[in-house]
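> for reference, the sequence and a predicted model appear below.
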Amino acid sequence: MSLGIADSQSNFFDDMAQFCEKTLPKDSIYAFLHDERNRLFPDEAFVDLFSGRGRQSVPPSVIATVMVLQRLEGCSDREATERYAFDARWRYAAGVGSYDVSAWPIFSHTVLVDFRERLRRSDKPDRVFEISLEAARAAGLVGHKRVLDSTPLYDAVATMDTITLIRSAIRNLLKVADSSLRDSLVRVITSGDDYASSAKPTIDWDDRDAQAELIDSRAKDAYACLVVLEATELTPEVNQAAHLLATVVGQDLEQDDDGTFHIARRVAKDRIISTVDPEARHGHKTTHHKFDGYKGHIAIDPDSEIITCAIVTPGNAGDASAAQDLIGDLLEDQG
């Protein structure tokens with residue numbers, strides 16, 4: 001997809017623009033974005049997100065404007081594109097004008113999804129937020145006080161028990177290994193488990209001896225695989241899978257003097273809870289409010305209520321651990 005460029009020339013016969021100019025307050029966000037959009041979000045500032053081939057994108061200056069209004073008015077992607085299509089103020093802010101003269105009358109909500117993903121993969125994923133914040137600073141809306149807060153971000157993946165973690169980590173390792181390495185790994189697996197299925201092995205789960213044997217045998221499979229990897233040059237994918245396997249067996253298991261592995265009577269401080277999302281953690285907002293996933297942290301200017309920083313941490317991170325990053329701009333000013 002190639003970069004779309006918005007028409008920077010105003011149409012003096014655009015009745016929608018004339019109406020908005022006469023009726024909107026000059027200090028409204030719509031008038032501000034209409035006047036400053038091209039300076040804040042020039043299409044050329046997003047050229048790294050697109051190739052030089054294919055059909056043209058919706059101009060990034062238009063998408064960025066919609067994203068700003070979306071956050072300001074708390075809209076979903078579908079609601080935001082509907083307002084862009086039917087709300088004269090949004091169209092005025094985006095500089096697209098009336099429907100009979102605009103090159104960009106409507107676009108799908110998936111355009112916003114795609115644009116955010118392109119930003120996420122880029123070297124400057126937060127550029128729209130940073131540009132907006134800098135404009136607020138230049139307007140004198142951001143002072144030298146901050147209010148910090150956090151909220152749980154619930155993960156959609158299921159929390160895994162020890163056996164599921166180990167089997168899933170071994171399965172991931174076998175999946176990313178090449179055929180030669182996979183054969184070497186399979187040869188040292190002695191439990192009889194082929195690790196092809198994500199379902200738990202069929203045993204009598206009320207039989208403690210059967211449970212103990214299951215844990216011991218899968219742990220020995222894991223450690224045998226890790227021994228094979230020690231003498232092997234690993235690709236980045238295999239190295240990542242090996243690190244995950246070593247972490248999940250090390251966090252939950254202990255070995256008796258006779259070499260038998262069993263589940264440790266402790267909880268690791270930074271315990272991985274899922275191999276699907278290894279960064280997710282058990283967290284708690286309060287003593288009684290527990291969750292699995294992440295924490296979203298924000299810093300807000302208390303006078304203007306403008307968010308000045310937002311970061312995400314694993315769910316087990318304390319609020320204080322994010323404080324220095326959240327007030328980094330104030331610390332820079334003091335420095």
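Right, received. Where do you want to start?
> below-threshold pLDDT in the stretch 1-150 of the chain: ranges please.
In the predicted model, the stretch 1-150 of the chain carries pLDDT under 70 at residues 9-12, 99-104.
> hang on, H262 in a strand?
Yes. Using DSSP: H, G, I helix; E, B strand; the rest coil, the assignment for H262 is a strand.
> can you pull the contacts of it?
Residues in contact with H262 (C-beta atoms under 8 Å, 6 or more residues apart in numbering) are A212, I215, D216, L253, E254, Q255, D256. C-beta here means a position set from N, CA and C on the backbone, and glycine is covered the same way.
> list only those of those residues flagged as buried.
I215, D216, L253 (16 or more other C-beta atoms under 10 Å).
> can you report how many residues lie near Y223?
17 (other C-beta atoms under 10 Å).
> my bad, should have said A88
Based on other C-beta under 10 Å, the number of other residues close to A88 is 17.
> same check on the one 5 residues further on?
Summarising burial for A93: neighbours were counted as other C-beta under 10 Å, giving 27.
> I figured it hits L33, correct?
Yes. Between A93 and L33 there is a contact at 3.9 Å, judged by C-beta atoms under 8 Å.
> identify the contacts common to these two.
By C-beta under 8 Å, 6+ apart, the residues touching both A93 and L33 are T65, L69.
> helices or strands up against the helix ranked longest in the chain?
Secondary structure of the chain per DSSP state H: the longest helix is helix 208-230. Under the contact definition 3 or more C-beta pairs under 8 Å, 6 or more residues apart in numbering; DSSP states H and E, helix 208-230 sits against helix 162-176, helix 179-188, helix 236-252, strand 261-263.
> beta partners for L153?
Beta-bridge pairing of L153 under DSSP bridges involves Y294.
> pretty sure it contacts G296?
Yes. In this structure, L153 is within contact of G296 by C-beta under 8 Å, at 5.1 Å.
> name the residues contacting each of the two.
V312.
> hmm, back to that, looking at the buried ones among the contacts of H262, which is nearest T65?
L253 (53.7 Å; C-beta to C-beta).
> so what pLDDT did the closest one get?
pLDDT recorded at L253 is 92.
> for it, give its distance to L165.
10 Å (C-beta to C-beta, to the nearest Å).
> now A219
A219 is 11 Å from L165, where distance means C-beta to C-beta.
> in terms of neighbours, single out the busier of the two.
L165 (26 against 23).
> what is the burial count for the residue lying closest to the more buried one once chain neighbours are set aside?
Take L165 and drop its neighbours on the chain: the residue closest to it by C-beta to C-beta, 6 or more residues apart in numbering is V248, 4.4 Å away. When neighbours are defined as other C-beta under 10 Å, V248 has 27 of them.
> what sits against V248?
Contacts of V248 (C-beta under 8 Å, 6+ apart): T162, L165, I166, A169, A222, I272, T275.
> now with 7 Å, please.
Contact partners of V248, counting by C-beta atoms under 7 Å, 6 or more residues apart in numbering, are L165, I166, A169, I272, T275.
> ok, the residue nearest to F41 when sequence neighbours are not counted - how many residues close by?
Nearest residue to F41 in three dimensions, chain neighbours excluded: A64, at 4.0 Å (C-beta to C-beta, 6+ apart). Number of residues near A64 (other C-beta under 10 Å) recorded here: 25.
> secondary structure element for A64?
helix 60-73 (DSSP states H and E).
> please identify the buried residues of that helix?
P60, S61, V62, I63, A64, T65, V66, M67, V68, L69, Q70.
> with stretch 129-149 instead?
In stretch 129-149, the ones that count as buried by 16+ other C-beta under 10 Å are F129, I131, S132, L133, A135, A136, V142, R146.
> do the same with stretch 33-40
Of the residues in stretch 33-40, those buried (16+ other C-beta under 10 Å) are L33, H34, R37, L40.
> again, but for stretch 304-324
I306, T308, C309, T313, P314, G315, N316, A317, A322.
> how about those residues, which pair is most distant?
I306 and N316 (29.1 Å).
> any idea how far T65 is from L326?
27 Å.
> please, where are all the strands along the protein?
Ranges of strands in the chain, per DSSP state E, are 147-154, 253-255, 261-263, 281-284, 290-300, 307-314.
> can you flag the weakest of those by average pLDDT?
strand 281-284 - the lowest mean pLDDT of those, at a mean of 88.
> roughly how far does the residue of the chain most remote from its centre sit from I327?
Centroid-distance maximum for the chain: D258 at 44.5 Å, with C-alpha atoms, centre = their mean. In this view, D258 and I327 are 54 Å apart by C-beta to C-beta.
> ditto for S274
Going from S274 to I327 by C-beta to C-beta gives 32 Å.
> cool, and V188?
Distance, V188 to I327, by C-beta to C-beta: 51 Å.
> ok, those two, which is more surrounded?
I327 (19 against 14).
> which residues of the stretch 1-150 of the chain fall in helices?
Here the stretch 1-150 of the chain has its helices, by DSSP state H, counting those that start in this stretch, at 15-23, 29-40, 60-73, 77-86, 88-94, 110-121, 127-138.
> centre of the chain to the fifth one, how far?
Chain-centre distance of helix 88-94: 29 Å, with C-alpha atoms, centre = their mean, to the nearest Å.
> one more: the last one?
Here the centre of mass of C-alpha atoms in helix 127-138, compared against the chain's by C-alpha atoms, centre = their mean, lies 21 Å away.
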